[in-house]
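Student: with the sequence up front, the predicted model follows.
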Amino acid sequence: MPDHFYVYPAYLDRSLSRADGRRVPAGRTVAEVTADEVAQAARKLGFKAEVEAEKEFPRQFFRYAGRVKIAKKAGAPKAKTLRALADELVRLRASAGRK
């Protein structure tokens, strides 16, 4: 089993539907998420995160938004981690005065 998983910004983007790749409830997300913001939120939550800017989300292969490689933690499944990342992105945007 790999010791990491990948998070594409599309997983946490409010402007996308579930069919387009969003993986958390829209009420817990922000619009126009970047890979750098996802990495910042992951680091703030205590994860090791590395941005891979040249990668694209398969459902949006025409747009190189990048992805974030996040090291797994024991007892933190991917779905739970994605919800925590979404909540942290909301907090980061609120502290920066953005939505």
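Tutor: Right, received. Where do you want to start? Numbering: from 1, shown residues only.
Student: pLDDT of the top helix by length along the chain, averaged?
Tutor: As assigned by DSSP state H, the longest helix anywhere in the chain is helix 78-96. In this model, helix 78-96 has a mean pLDDT of 92.
Student: residues of that helix that come out buried?
Tutor: 81-86, 88-90, 93 (16 or more other CB atoms under 10 Å). Where you see a C-beta, it was placed from the backbone N, CA and C, and this is true even at glycine.
Student: over to stretch 45-61?
Tutor: Result for stretch 45-61 [16+ other CB under 10 Å]: buried residues 45, 47, 49, 51, 55, 57, 60.
Student: right, and the third one touches Ala39 too?
Tutor: Yes: the pair Ala49 and Ala39 passes the contact test of CB atoms under 8 Å, sitting 4.2 Å apart.
Student: between those two, which contacts overlap?
Tutor: Listed as contacting both Ala49 and Ala39 by CB atoms under 8 Å, 6 or more residues apart in numbering are Val68.
Student: Ala76 - that's part of a helix, no?
Tutor: No: going by DSSP: H, G, I helix; E, B strand; the rest coil, the assignment for Ala76 is coil, not a helix.
Student: what are the ranges of the helices in this protein?
Tutor: For the chain, the helices defined by DSSP H cover 35-44, 78-96.
Student: okay, angle between the last one and helix 35-44 too, please.
Tutor: It refers to helix 78-96. With axes from the mean of the first three to the mean of the last three CA atoms, to 10 degrees as the basis, helix 78-96 and helix 35-44 are set at 100 degrees to each other.
Student: what packs against helix 78-96?
Tutor: strand 4-7, helix 35-44 (3 or more CB pairs under 8 Å, 6 or more residues apart in numbering; DSSP states H and E).
Student: just how off-centre is it within its chain?
Tutor: 8 Å (CA atoms, centre = their mean, to the nearest Å).
Student: for that helix, which outside residues touch it?
Tutor: Residues contacting helix 78-96 (CB under 8 Å, 6+ apart): 5, 7, 11-12, 23-24, 28-30, 33, 37-38, 40-42, 44-45, 47, 70, 73, 99.
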